[in-house]
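Participant: what would the 3D arrangement of this be:
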Amino acid sequence: MRQGYTLCHDCIGHVDCLAPNGHSVTEHSAHRCPQRLYILTGEPSGDAHAARVVACIRKQWPDVQFRGIGGSALELEGVVLVENVANTAIMGFAEVVSKLGFIRRLFARVQADIVAFRPDRILIVDYPGFNLRMARWAKEKGLAVDMYIGPQVWAWKRRRIHSMERDLDRLSCILPFEGLSYSGLELDVEFVGHPLLETADLSPPSEADSAAWKSNQGFAPDAKLLALLPGSRPQEIRRMLPVFLRAAAMRPGLVPIVAGAPGRSAEDYGVDCPVLFGQTQALYRHADVGLITSGTATLEAALYGLPQVVAYRTSRLTYAIAKAFTRVKYISLVNLILNQEAVPEQIQGHCTPGNLVAALDHIITPEGRHLQQKNQRALIEVLGTAGASQKVADSLMRPLNKGQ
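Facilitator: Next up is the predicted model:
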């Protein structure tokens, strides 16, 4: 940060807030704690991360009002939603083009809502294609904008760092190496740790615990479970789940279970095998192996020590564009963080049932599980300690000195 902070008395009720050293809270918007926060997410994972930040704020500053784009997690925290992430979780060039009309209308609707709400600060969470454009508009209106979970500029679209320097007041990063991409910029950047560390039960389950969980879910206590995570976006589910199911059929000794994504229903999957909602973390702990679509789930599964094969398919056009502009060797967050192929990847044309099964056979061995446990320890060491949500909450509630 450019400047240190000390505690001062809050103008909202009778709680403490943070103000710049040597300054007291005044009625001027530059030196008071936010009373209204606008939160912009775009996907279920961002909704969950933002909800934990809101929960931290409510504990210390219960009178703060919230509005924005989110899902069930933010709604449970009392955030008034103007749009649900079930309608905004879009990925891929071709997919975005098909929904351009909806995106334009949403942009205008959110702008009008922000003007009416008059927030003291906006928090954008991931979803950079939409959120960074909104940040530019908000900055032109004189609004303070913070970002939590920035774009992967270290992988592609590095030019974004200049617009981020212009349009953001603070950036909270969740990967330890991300800050290097912003060196030399006039932008407050802080590594806050990874939010997954706040919710993950990283202790390995006992055999009795796993047997009991399997029985409670209607499976044999000694069943070998294959966790299927085809993604949270509708187009991901349509592309990935059929491939996963064909691979599962080639290994009848494994019981396939689909982890239902937040904001989805059983009808979104349309399969005969079990679809479990609200049990994803338990499935990481008690399953024997997993087929997982590239995304945050690969990192979460690795933190739990679940042996996994990472897979991904998208449209030919989207893949060609991504391949032309990306600068990384891997697609999985696990491999990117550890800078090695810690988990096998089967991407695009290589994402076939046969290749997935071959990779599964390799990692389900005792040696494969031992390797995953080794990777788990390495990831925990690299990702730091829990507490990201509280750090972001504290940062949001610091009065912003516009003169800095």
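Participant: please count neighbours and contacts with C-alpha atoms only from this point.
Facilitator: Noted.
Participant: tell me which element the residue lying closest to residue 178 once chain neighbours are set aside falls in.
Facilitator: Spatially, and ignoring its direct neighbours in sequence, residue 178 is nearest to residue 154 (7.1 Å; CA to CA, 6 or more residues apart in numbering). For residue 154, there is no host helix or strand (DSSP states H and E).
Participant: can you pull the pLDDT of residue 154?
Facilitator: pLDDT recorded at residue 154 is 78.
Participant: what's the neighbour count on residue 381?
Facilitator: When counting by other CA atoms under 10 Å, one arrives at 10 neighbours for residue 381.
Participant: returning to what we had before: gap between the residue nearest to residue 178 and residue 364?
Facilitator: Plainly put, residue 154 is 32 Å away from residue 364 if you go by CA to CA, to the nearest Å.
Participant: ditto for residue 43
Facilitator: For residue 43 relative to residue 364 (CA to CA), the value is 31 Å.
Participant: neighbour-wise, which of the two wins?
Facilitator: Neighbours per residue (other CA under 10 Å) separate residue 43 from residue 364, with residue 43 holding more: 25 against 17.
Participant: now do the same contact list for the more buried one.
Facilitator: By CA atoms under 8 Å, 6 or more residues apart in numbering, the contact list for residue 43 reads 70, 71, 85, 86, 88, 89, 127.
Participant: go again using 6 Å as the cut-off
Facilitator: Residues counted as contacts of residue 43 (CA atoms under 6 Å, 6 or more residues apart in numbering) are 85, 89.
Participant: for residue 147, name its beta-bridge partners.
Facilitator: Per DSSP bridges, the residues bridged to residue 147 are residue 124, residue 171.
Participant: can you report how many residues neighbour it?
Facilitator: Residue 147: 27 surrounding residues under other CA under 10 Å.
Participant: just the pLDDT for the nearest residue to residue 348 once chain neighbours are set aside.
Facilitator: The shortest distance from residue 348 to any non-neighbouring residue, by CA to CA, 6+ apart, is to residue 313 (4.5 Å). Model confidence at residue 313, given as pLDDT, is 88.
Participant: swap in residue 317?
Facilitator: The model's pLDDT for residue 317 equals 74.
Participant: that one belongs to a strand?
Facilitator: No. Per DSSP: H, G, I helix; E, B strand; the rest coil, residue 317 lies outside any strand segment and is helix.
Participant: need the contact list for it.
Facilitator: By CA under 6 Å, 6+ apart, residue 317 has no neighbours at all.
Participant: isn't residue 51 right next to residue 74, touching?
Facilitator: Yes. With contact defined as CA atoms under 6 Å, residue 51 and residue 74 form a contacting pair (4.7 Å).
Participant: the two: who's more crowded?
Facilitator: Higher neighbour count among residue 51 and residue 74: residue 74, with 29 against 24, using other CA under 10 Å.
Participant: report the contact partners of that one.
Facilitator: Residues near residue 74 by CA under 6 Å, 6+ apart: residue 51.
Participant: repeat that for 8 Å
Facilitator: 47, 48, 50, 51, 54.
Participant: following the strand or helix carrying the third one, which helix or strand comes up?
Facilitator: Using DSSP H and E, residue 50 sits in helix 44-60. The C-terminal neighbour of helix 44-60 among helices and strands, as given by DSSP H and E, is strand 65-70.
Participant: got the angle for that following strand vs helix 44-60?
Facilitator: Calculated by axes from the mean of the first three to the mean of the last three CA atoms, to 10 degrees, strand 65-70 forms an angle of 170 degrees with helix 44-60.
Participant: which strands border strand 65-70, and is each parallel or antiparallel?
Facilitator: strand 36-40 (parallel), strand 80-84 (parallel).
Participant: what are the contacting residues of it?
Facilitator: Contacts of strand 65-70 (CA under 8 Å, 6+ apart): 35-44, 46-47, 78-85, 110.
Participant: chain center to it, what's the gap?
Facilitator: Relative to the chain's own centre, strand 65-70 is displaced by 17 Å; criterion: CA atoms, centre = their mean, to the nearest Å.
Participant: ok, residue 349 to residue 249 distance?
Facilitator: 20 Å.
Participant: between those two, who's got more neighbours?
Facilitator: Taking other CA under 10 Å, residue 349 and residue 249 do not tie; residue 249 has more neighbours (14 against 10).
Participant: and for the residue nearest the centre of the chain, nearest residue in space, chain neighbours not counted?
Facilitator: The centroid of the chain falls nearest to residue 45 when counting by CA atoms, centre = their mean (3.9 Å). Nearest residue to residue 45, sequence neighbours excluded (CA to CA, 6+ apart): residue 296, at 7.7 Å.
Participant: what do you get for residue 202?
Facilitator: Excluding its sequence neighbours, the residue lying closest to residue 202 (CA to CA, 6+ apart) is residue 304, at 5.5 Å.
Participant: contact partners for that neighbour?
Facilitator: Contacts of residue 304 by CA under 8 Å, 6+ apart are 200, 201, 202, 203, 204, 284, 285, 376.
Participant: if you set the cut-off to 7 Å instead, what comes out?
Facilitator: 202, 284, 285, 376 (CA atoms under 7 Å, 6 or more residues apart in numbering).
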